[in-house]
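> Got a sequence here, can you build the structure:
(2 chains)
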Amino acid sequence: MSIESKPALPDVVLTTDDLAPVAATTTRRHISPLAIATVGMLAVFAYFAFFFAPEDELQGAMQRIFYIHVPSAWVCFMAFFVTFCASIGYLSNRKESWDMVAASSAEIGTIFTTVVLVTGMMWGHAIWGVYWTWEPRLTSFLVLWLMYLAYLAVRAYTPDPSRRARFSAVIGIVAFIDVPIIYLSVNWWRTLHPQQVIVTGGGPHMPAAMLIALMVGLATFSLVYAYLLRTRLQVANLSAQLEELES
Amino acid sequence: MINNNINLIVGYGLAITLYVGYTARLLLKRRDLQAAVATYTDTDSQDR
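All right, here's what the predicted structure looks like:
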């Protein structure tokens, strides 16, 4: 290949040795232990949610949506907590890696939040007869979803990387204030949404088999989050490397 | 007892679609980026 026809390369930003592990992953076709564990746990979760857990006497099979609705909500709170911490980390020392973690976790948290809203609407329609009602728990959750959509929009439409990271870090911190409001909304206001059944003064208010299925769901979706976060960070790192190579 | 299995199926179906769709998008994007970076790396090593 002639010198003239090859793509432009940066002076000495990254060498072949630096990128060797990345290049190796393109030819190596192995599945990571985290991916295997995640898929395995999803199969275990399906068994516990649909076969192990007993059917609710009042709600019937519809109650089984609880095993995806509640773990998704807990994991979205965890994802936004990671964004909150990483945003503080970025504003403290302006390291790009904090921004990458914050953005990746926010994106994944938004997916989990969407699942919570969708499964909640399906459940609400079956039990309350309406998909949506403007009561405190649902409204505060919708506000959370909108705030993280705004976070992603700011990232998408702010071209300058430094300003993008700074603006989104501020939103990542401010938006997290809604999480404790959502959690406590069922205590603060009279709501249609059920009260907390797990973290209560007298212990969990549900049969042991249902509680076990819920815990399996929590473990499974935490693993899904870990897998997605790792993959999203790999994508962010590769994008940064490619940008450097192309500049 | 409430019997509304359609809502259960639609709820799980939409959740699975979102999770699988997002995961597939990430995996495809990672594959494309790895290929793009490898192209630069290969070109670099050939020139040396």
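> Show me which residues of the helix or strand where residue A:167 lies are buried.
Mapping residue A:167 onto the secondary structure by DSSP states H and E places it in helix A:161-175. Taking 16 or more other CB atoms under 10 Å in any protein chain shown as the neighbour-count basis, helix A:161-175 is seen to contain the buried residues A:164-166, A:168-169, A:171-173, A:175. (C-beta placed from N, C-alpha, C; glycine too.)
> pLDDT weak spots in chain A?
Filtered on pLDDT under 70, chain A yields the residue ranges A:1-29, A:197-203.
> Do a quick rundown of the helices in it.
For chain A, helices defined by DSSP state H occupy the ranges A:16-27, A:33-47, A:66-93, A:96-127, A:136-157, A:161-175, A:178-188, A:208-246.
> can you list those in TSV and add distance to residue B:22?
Supplementary listing: these in TSV, determined by distance: least, CB to CB, whole Å:
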stretch	distance to residue B:22
helix A:16-27	21
helix A:33-47	13
helix A:66-93	13
helix A:96-127	5
helix A:136-157	13
helix A:161-175	19
helix A:178-188	21
helix A:208-246	7
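> Columns distance to chain B on top of those, output as a markdown table?
Putting those into a markdown table (distance: least, CB to the nearest CB, whole Å) gives the following:
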| stretch | distance to chain B |
| --- | --- |
| helix A:16-27 | 4 |
| helix A:33-47 | 9 |
| helix A:66-93 | 5 |
| helix A:96-127 | 3 |
| helix A:136-157 | 13 |
| helix A:161-175 | 17 |
| helix A:178-188 | 19 |
| helix A:208-246 | 4 |
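> Mind checking these for the one nearest to residue B:41?
Closest to residue B:41 of these, according to CB to CB: helix A:16-27, at 4.6 Å.
> Pretty sure residue A:111 sits against residue B:22.
Yes. Shown here, residue A:111 and residue B:22 form a contact pair, counting by CB atoms under 8 Å, at 5.0 Å.
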